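Mind looking at a prediction? Sequence and model below.
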Amino acid sequence: MRRADLLVGCMGLGGGWDAEPVTDEQVEQAGAVVEAALAAGLTWFDHADIYTRGKAEEAFGRALAERPGLRERIGLQSKCGILLPGEGGVMCSGETHGRYDSSPEHVRRSLEGSLARLRTDHLDVLLVHRPDPLTHPGELGRTLDALVAEGLVRQVGVSNHSPAQVDRLQAGMSEPLVVNQLETSLAARGWVESGVLVNTDEGARVGFPHGALEQALAGGPRVQGWGALAQGRYSGRASSATDPLEAAREEQTARRVAALAAEHGTTPESIVLAWLQRHPARVAPVVGTTSPQRIAACADAAAGRVHLSRAEWYELWVTARGGPLP
């Protein structure tokens, strides 16, 4: 199995975040996503046990079962560690809110549920979705090691963790953490700005965990970028920004993305993804769309056929941020 250089995010499968059963039409949609991804050269699929309350995994699993032999051709990863409202959440001001749980019991139970819904006997990667302050890193590390030893997962990683949290978890494990999935896109630029805004007032407002890219470059978990297409704001979707200046920046950036796509003979989607892939840490984008057309538009990025120059890369960055670098 090739490593995950570009993944299809499956959060949009299975219908709404409700208790309605998965329909045949939703299974067909999942199958269409799979077929479009394979045609575009994308063979990895990203899930989480909470996506549409488990229905995303169920729809995908049913589509997988209809395609004998497909499991051996694809990579599957999922996440665990979040409880949604109504599933053991907590009450606050009369409303139920979600919480985290990375205890050994919950991680194992969550994985077993994902395997059943996806109709597979193992995951290629299991990620801990969010840090749980009440689970000791050593306890979680032993749990993840055990799941690999049992053959239920091939590799393990995390999502939305800081480098310090990664280091502490890794210290108590024998298996390497291979992934840290974080929000990275041309719109959510904290992933690159955290490194250049050091020693500035502006840098104090960047929420991205500083050092994650350096950790990846040093051989630590590779950064996977969720939200990589920035919800399509630079590749065809009309701006939803309410601030006129922000809307103007988005429109200007979208025009530049379109111009670069024409110059490189590719699509706006592949330009936006190539901007992430250009970094030496080789960020692996997660494409969160269920549109077969938009998945097809990512084919050049999946194949590594788009190579932005330094000038083009910096121009996109400065245009999207709407101001000069420090």
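Arrived safely, thanks for sending. Numbers count the residues shown, from 1 in each chain.

Look at Thr267 and say how many residues are nearby.
Neighbour count of Thr267, defined by other Cβ atoms under 10 Å: 24. Yep, even glycine has a C-beta here, placed from its N, CA and C like the rest.

Tell me the confidence at it?
Looking at Thr267, its pLDDT reads 98.

if I read this right, Gly88 contacts His97, doesn't it?
No. Here Gly88 lies out of contact with His97, judged by Cβ atoms under 8 Å, at a distance of 11.0 Å.

Name the SS class of Leu13, please.
Assigned by DSSP: H, G, I helix; E, B strand; the rest coil, the conformation of Leu13 is coil.

give the contact list for it.
Residues near Leu13 by Cβ atoms under 8 Å, 6 or more residues apart in numbering: 26, 29-30, 33, 51-52, 55-56, 59-60, 290.

switch the cut-off to 10 Å
Neighbour list for Leu13: 22, 26-27, 29-30, 33-34, 45, 47, 51-52, 55-60, 63, 290 [criterion: Cβ atoms under 10 Å, 6 or more residues apart in numbering].

For the closest residue to Arg305 other than its chain neighbours, pull up the helix or strand it's in.
Counting by Cβ to Cβ, 6 or more residues apart in numbering, Arg305 lies nearest to Thr266, which is 7.1 Å off, once chain neighbours are set aside. Counting by DSSP states H and E, no helix or strand carries Thr266.

Out of the contacts of Leu13, which sit inside helices?
Judged by DSSP state H, these include 26-27, 29-30, 33-34, 55-60, 63 as members of helices.

Which two among the residues you listed are spaced furthest apart?
Using Cβ to Cβ, the two most remote members of these are Val34 and Lys55, lying 16.0 Å apart.

The stretch 1-150 of the chain: helices as residue ranges?
Using DSSP state H, counting those that start in this stretch, the helices of the stretch 1-150 of the chain run over 24-39, 55-65, 104-118, 137-149.

so which of the ones in helices among the contacts of Leu13 is the most crowded?
Among these, Glu57 has the most neighbours (other Cβ under 10 Å), with 32 neighbours.

so how far is Val148 from the residue nearest to that residue when sequence neighbours are not counted?
Spatial nearest neighbour of Glu57, chain neighbours left out: Arg117 (3.8 Å); criterion: Cβ to Cβ, 6+ apart. The spacing between Arg117 and Val148, counted by Cβ to Cβ, to the nearest Å, is 21 Å.

can you check Leu316 too?
Distance from Leu316 to Val148, by Cβ to Cβ: 39 Å.

ok, these two, which is more surrounded?
With neighbours defined as other Cβ under 10 Å, Leu316 and Val148 compare such that Leu316 has more, 22 against 17.

and that one, that one's in a strand?
No. Leu316 is assigned helix when assessed by three-state DSSP, not a strand.

That one reaches Val257, doesn't it?
Yes. Counting by Cβ atoms under 10 Å, Val257 is a contact partner of Leu316 at 7.1 Å.

anything in contact with each of those two?
In contact with both Leu316 and Val257: 186, 234, 271-272, 275, using Cβ under 10 Å, 6+ apart.

show me the contacts for Ala274.
Counting by Cβ under 10 Å, 6+ apart, Ala274 makes contact with 260-261, 264, 266, 285, 300-301, 304-308, 312-313, 316.

Derive a PyMOL selection command for the buried subset of the residues you listed.
Per 16 or more other Cβ atoms under 10 Å, the buried members of the contacts of Ala274 correspond to this PyMOL selection:
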select buried, resi 260+261+264+266+285+300+301+306+308+312+313+316
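
And the contacts of Ala274, which is closest to Ser78?
Using Cβ to Cβ, the contacts of Ala274 come closest to Ser78 at Pro285, 17.9 Å.
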